[in-house]
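Engineer: Quick one: sequence plus predicted model below, questions after.
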Amino acid sequence: MAKSRVKYICTECGFDTIKWVGKCPQCENWNTFAEEIIEEVKNKRAVEKSTSEIIPLSRQPDEDETRLETMISEFDRVLGGGIVAGSVILLGGDPGIGKSTLIMQAAAKLTTKCLYVTGEESIRQINLRAKRLKLESESLHLLAETNVDAILRHVKKFNPETVIIDSIQTMFHPGLDNAPGTVTQIRESTSHIMQFAKQNGIAFVLIGHVTKEGFIAGPKVLEHMVDTVLQFEGEKSHSYRILRAQKNRFGSTNEIGIFEMRDSGLAEVKNPSEIFLSEREGEISGSVITATIEGTRPVLLEVQALVTSSNYGNPQRVSTGFDTKRLSILLAVLEKRAGLHLSAQNVFLNIAGGIRILEPAVDLAICASIASSLLNKIASTKTIVIGEVGLGGEVRSVGNIEKRIQEAEKLGFENIYLPQNNMKNLVRKNHLSLIPVRNISDAIEELY
């Protein structure tokens, strides 16, 4: 007979305890514990003879993993070349960002059998979406089911190459009394799917909800269990979406895919630099172009800054697409090392296009745009600014400088302000005017 007991499990990190606590001792988050009923069933198979064996690495065949290409190059690039057979992919993103749209468009382009399992929508709703997106596929099949055991029985009988589950939070395992969406159900359902995928060589794509903080709902152990974790992000007010790999056992986590949301669905953005610069105004203060690297791809972006006098005691520091704490550091460097008085000024910063930048190579462009707005001086529309800024005001070298220069040359830019140390490593000759700078003060003097 099965026995049950109550545990309290942290929904953020998976830490469990026998009593409820307000603050998790492991991840230190407040009010994250949820009550779960744990079924304890005596495992009769525990004494059965194991069939596994130890095999030397040298005896393993030297074979490349089989990949299924979706023919959506931005999606395949992030995965490392396509979906690997037997892998489990977790796709997360904010509600309404386009997760189901993206994965349905990818599934419709597969030439092999694909099973789309829906737990949130009816098959009629899926059909309506397919008609709206104008998708036609003989290989895509639909199933409305939330019982994990029943789903795996259907999969074994149908034998598809790829299975999509939308979403993992709606699935439940019948052996547990917990409600769907609880930590225990998500963990156990994913565990059964993982085991089935590895044994049968069938790829699974799990769509996951995210919390208000932007993390995939459920314990962190869920992300550790799967092979690949993809994050689909973007501002709802902007039409552009970015697909990032937070974890990938079969490829790099540095690549990104860029899409544009249209009435007909998600369209690939082949040249993001042209898109992000297409709506740039003419000569205006506070606007500077920079070159960043997303994965192996150079992207040119517009940095916009607006500096105004503060009528209150505490000036505002607002940034969109850039870390606010990093902005505060750069403002302090500008005031101390470049002599710009910003302590009584409101500073508003925006990375145009809705993209978020984490790379320090845009520091010099941030500083240049703030100085431009404060001094009301205009930077040339044919100029690009690249460089990391240190606390001493020095401009530090950045990586992949040749890729950035090539992208700037391709789009018709004429001048590039770059760190002095990067000039030593340049091999390729180009037709651009390269202007080396040593520190932030020299850069602002040269620019304006």
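Structural biologist: That came through fine. None of these values were measured; they are calculated from a predicted model.
Engineer: Doesn't Leu230 belong to a strand?
Structural biologist: Yes - per DSSP: H, G, I helix; E, B strand; the rest coil, Leu230 lies within a strand segment.
Engineer: In terms of helix, strand or coil, where does the residue lying closest to it once chain neighbours are set aside fall?
Structural biologist: Nearest residue to Leu230, sequence neighbours excluded (CB to CB, 6 or more residues apart in numbering): Leu91, at 4.7 Å. Heads up, the C-betas are built off the backbone N, CA and C, glycines and all. Under the three-state scheme (three-state DSSP), the conformation of Leu91 reads as strand.
Engineer: beta partners for Leu91?
Structural biologist: Ile207, Leu230 (DSSP bridges).
Engineer: That one and Ile103 touch, don't they?
Structural biologist: Yes - judged on CB atoms under 8 Å, Leu91 makes contact with Ile103 at a distance of 6.3 Å.
Engineer: hang on, the earlier thing: tell me how many other residues crowd the residue nearest to Leu230.
Structural biologist: 25 (other CB atoms under 10 Å).
Engineer: picking that back up, between Leu91 and Ile103, which contacts overlap?
Structural biologist: Listed as contacting both Leu91 and Ile103 by CB atoms under 8 Å, 6 or more residues apart in numbering are Val205, Ile207.
Engineer: Please report how far Ile18 lies from Asp177.
Structural biologist: Plainly put, Ile18 is 18 Å away from Asp177 if you go by CB to CB, to the nearest Å.
Engineer: One more: Glu223?
Structural biologist: With distances taken as CB to CB, Glu223 is found 25 Å from Asp177.
Engineer: Looking at those two, which has the bigger crowd around it?
Structural biologist: Glu223 (18 against 14).
Engineer: Skipping adjacent residues, who's closest to that one in space?
Structural biologist: Nearest residue to Glu223, sequence neighbours excluded (CB to CB, 6+ apart): Val229, at 5.1 Å.
Engineer: Contacts only, for that neighbour.
Structural biologist: Val229 makes contacts with Ile89, Leu90, Gly92, Ile216, Glu223, Ala245, Gln246, Lys247, Asn248, as judged by CB under 8 Å, 6+ apart.
Engineer: does the fifth one really touch Leu90, like I thought?
Structural biologist: In other words, Glu223. Yes - with contact defined as CB under 8 Å, Glu223 counts as touching Leu90 (6.7 Å).
Engineer: For the residue nearest the centre of the chain, which residues are in contact?
Structural biologist: Centroid-nearest residue in the chain: Arg244, 3.1 Å away (criterion: CA atoms, centre = their mean). Arg244 makes contact with Val78, Leu230, Gln231, Glu233, Thr253, Ile256 under the criterion CB under 8 Å, 6+ apart.
Engineer: ok, now which ones touch Ile370?
Structural biologist: Contacts of Ile370 (CB under 8 Å, 6+ apart): Gly286, Ala305, Val307, Leu330, Leu331, Leu334, Leu340, Leu342, Val347, Leu349.
Engineer: Distance from the helix or strand encompassing the third one to the middle of the chain?
Structural biologist: Counting by DSSP states H and E, the secondary-structure element that holds Val307 is strand 297-309. On the basis of CA atoms, centre = their mean, to the nearest Å, the separation between the geometric centre of strand 297-309 and that of its chain is 21 Å.
Engineer: likewise stretch 276-289?
Structural biologist: On the basis of CA atoms, centre = their mean, stretch 276-289 sits 26 Å off its chain's mean C-alpha point.
Engineer: quick one: low-confidence parts of the chain?
Structural biologist: Judged by pLDDT under 70, the chain has its weakly predicted residues at 1-5, 37-51, 61-64, 211-221, 235-237, 428-430.
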